[in-house]
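Undergrad: One predicted model, sequence on top.
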Amino acid sequence: MTKTTSHKTKTMKVSLFFLFATLAAVVSAGQLGNPADEYKSENGLLEVTLTVDMVESLNGTRVAPGYNGKPVGPTLRVSPGDTLRVTLVNNLETTARDRVLYDYVMDEKSDYVNKTIVYNRLSAIGNVHSPEYGFWGLGYSNLHFHGIENPPHKEELQVYLAQGETKVYEVKIPDDQEPGLFWYHNHVHGTTVYAYLSSLQGAIIVEGTDSDITKAPGIENATEVVMMFSEYLQSPEGNYPMPIFPIVMSFDWESVTNGYLATETNYEFTEGETVLFRAVSANVDPDQNFVVPGMTFYIVAFDGSPVPEPIPTNVVKIPAGGRVEFIGRFEQAGTYNMTREGWGSHIAQNAEECTAAFGIPVYPCVSHDVDKPVGTITVVPASEPLGALPPLPDSIELPEYSDRLKFLEERPIAASKTITFEQKVGWPLFQIEYDGEFVPPGVAFGVDGALATPERVSDAIMADTCEEWNIEFKPAVGHPFHAHAGKFYLLAEDGVPVEEVV
């Protein structure tokens with residue numbers, strides 16, 4: 001007998017527009033964790049080479065793919081109107097088996113069901129933990145520029161670079177691109193968990209305009225700290241990442257920031273110093289809950305866009321793939337511990353639910369429902385008494401959210417569609433049929449009733465039109481929704497209209 005999760009549904013209504021047819025006064029004490037290398041555009045151009053090799057990091061516990069011999073990719077700084085030209089060089093070993101399987105899944109004549117199994121790294125009966133052909137493809141590489149409005153045909157994410165191959169990505173930053181925080185990462189299907197656990201990613205910062213959040217009153221003198229959050233789960237067979245992150249009973253993972261463990265991550269600020277944290281979640285964990293006990297932070301931007309007013313919080317929630325920028329002022333000297341609180345999965349919140357969902361009679365059972373240290377902040381005394389400080393949010397004046405998509409409100413709706421994100425446990429596993437004895441397949445995610453295959457097209461969108469999409473999640477655990485190269489307005493959540501178009 002199989003146990004399936006109750007199909008509660010979470011919905012989100014969005015309006016989308018696609019155009020694809022045409023081509024401080026207090027000085028910092030000094031130590032700012034482990035900042036990545038940085039490259040900044042000059043005269044409208046940033047050219048950079050990213051070479052992918054095996055890199056040793058995390059105190060020797062991880063040997064994994066990395067960019068330019070470093071534990072995390074460099075931060076790339078550009079301005080609206082610039083050209084970003086990235087040469088990707090892949091030096092990872094690509095085996096003969098990898099090449100055979102890649103050719104097989106890309107061949108339109110291959111058996112559809114078997115191709116689905118191979119492409120999604122499943123066993124013949126859909127088990128995600130013991131794929132029929134192994135976790136192949138770990139030596140391939142490509143790039144996705146997350147959040148930047150870059151047409152999909154420019155990225156060609158179905159193109160994987162094998163060993164010794166090179167590809168030049170040219171990204172034209174739109175003239176009206178809002179300044180903010182974005183990122184880039186490997187996007188070879190079926191290997192992204194391995195890439196995230198390898199810290200194979202880096203930040204992109206669009207800056208240099210009057211609406212740049214770092215120029216806003218109350219923020220302009222803040223110390224900037226860029227944080228690329230990820231994780232590490234070591235393989236039991238050696239000092240390299242697991243190719244998959246088991247959903248249950250894997251608690252020995254580590255939080256990683258800018259390619260370093262918590263024990264290697266230390267920041268030093270001065271009493272009274274204001275800090276702008278610019279955080280990216282390159283995590284397998286659906287939500288990262290960032291906490292510094294005793295601190296209240298003020299969120300000033302989500303996914304590269306400023307919020308209407310600073311949002312106070314003691315827990316900064318960063319969705320997987322998301323970016324959150326938040327500001328804090330350290331008013332007392334001392335030592336502060338940065339922590340990732342347990343996810344709070346809503347899948348199994350006690351031993352009874354763990355038993356019902358997974359047959360595991362203990363709590364916690366979900367791997368991400370545990371706290372993990374992130375690093376340490378040391379605040380040194382100021383050289384002179386600070387006196388009374390005004391409330392931090394009172395001094396912040398955020399730039400207005402760009403109205404560059406406001407015209408969508410006036411556009412006719414060309415089509416209304418429902419897009420369903422679904423998690424399944426049991427049979428049929430989307431398009432994979434099986435009539436034998438049930439063996440738990442783990443968790444599989446599909447869109448509109450199907451697992452991904454290279455040639456599958458979910459829908460056709462007419463260029464230069466506006467569509468209204470109703471996004472459903474089954475079950476209602478919550479999962480980020482991301483449309484490559486497309487921005488959208490959020491109109492309602494769970495049937496409740498939002499107060500402002502976002």
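TA: That came through fine. Numbers count the residues shown, from 1 in each chain.
Undergrad: The top helix by length along the chain - contacts with which helices or strands?
TA: Using DSSP state H to define each element, the chain has its longest helix at helix 96-106. The contact analysis (3 or more CB pairs under 8 Å, 6 or more residues apart in numbering; DSSP states H and E) places helix 96-106 against helix 112-119. No exception for glycine: its C-beta is placed from N, CA and C like everyone else's.
Undergrad: Would you map the helices across the stretch 101-250 of the chain?
TA: For the stretch 101-250 of the chain, helices defined by DSSP state H, counting those that start in this stretch occupy the ranges 112-119, 152-155, 192-197.
Undergrad: The shortest one: which residues count as buried?
TA: Put plainly, it is helix 152-155. residue 155 (16 or more other CB atoms under 10 Å).
Undergrad: average pLDDT for it?
TA: The pLDDT scores in helix 152-155 average 82.
Undergrad: who touches the residue nearest to the spatial centre of the chain in this structure?
TA: The chain has residue 321 as the residue nearest its centroid, 1.6 Å off, counting by CA atoms, centre = their mean. Neighbouring residues of residue 321 by CB atoms under 8 Å, 6 or more residues apart in numbering: 146, 281, 282, 480, 482.
Undergrad: Among those residues, which are located in strands?
TA: Per DSSP state E, strands hold the following members of the contacts of residue 321: 146, 281.
Undergrad: Neighbours of residue 368, how many?
TA: 26 (other CB atoms under 10 Å).
Undergrad: Would you mind listing the residues in contact with it?
TA: Contacts of residue 368 (CB under 8 Å, 6+ apart): 284, 285, 286, 342, 343, 345.
Undergrad: Model confidence for it, exactly?
TA: Model confidence at residue 368 (pLDDT) stands at 92.
Undergrad: One more: residue 215?
TA: Value for residue 215, per-residue pLDDT: 94.
Undergrad: count of residues packed around it?
TA: 14.
Undergrad: Tell me the spacing between it and residue 209.
TA: Counting by CB to CB, to the nearest Å, the separation of residue 215 from residue 209 is 8 Å.
Undergrad: now residue 493
TA: With CB to CB as the criterion, residue 493 and residue 209 are 30 Å apart.
Undergrad: What are the boundaries of the strands in the stretch 401-502 of the chain?
TA: 413-424, 444-447, 465-474, 488-493, 496-497 (DSSP state E, counting those that start in this stretch).
Undergrad: Quick one: work out the angle between the third one and strand 488-493.
TA: Translated: strand 465-474. Relative orientation of strand 465-474 versus strand 488-493 (axes from the mean of the first three to the mean of the last three CA atoms, to 10 degrees): 50 degrees.
Undergrad: just the first one next, same as before
TA: Strand 413-424 and strand 488-493 are oriented at 70 degrees to each other (the same axes, to 10 degrees).
Undergrad: who does strand 413-424 pair up with?
TA: The strands that strand 413-424 pairs with in its sheet are strand 444-447 (antiparallel), strand 465-474 (parallel) (by DSSP bridges).
Undergrad: what sits up against it?
TA: Contacts of strand 413-424 (CB under 8 Å, 6+ apart): 4-5, 15, 430, 443-449, 458-459, 462, 465-475, 477, 479, 481.
Undergrad: Check which residues of that strand are buried.
TA: Buried, per 16+ other CB under 10 Å, within strand 413-424: 419, 421, 422, 423, 424.
Undergrad: Also the third one?
TA: Going by neighbour count (16+ other CB under 10 Å), the buried part of strand 465-474 is 466, 467, 468, 469, 470, 471, 472, 473, 474.
Undergrad: Show me how far it is from its chain's centre.
TA: 21 Å (CA atoms, centre = their mean, to the nearest Å).
Undergrad: do the same with the first one
TA: How far strand 413-424 lies from its chain's middle: 22 Å, per CA atoms, centre = their mean.
Undergrad: What subset of the contacts of residue 321 is buried?
TA: 146, 281, 282.
Undergrad: And residue 92, how far from residue 55?
TA: Taking CB to CB, one finds residue 92 at 11 Å from residue 55.
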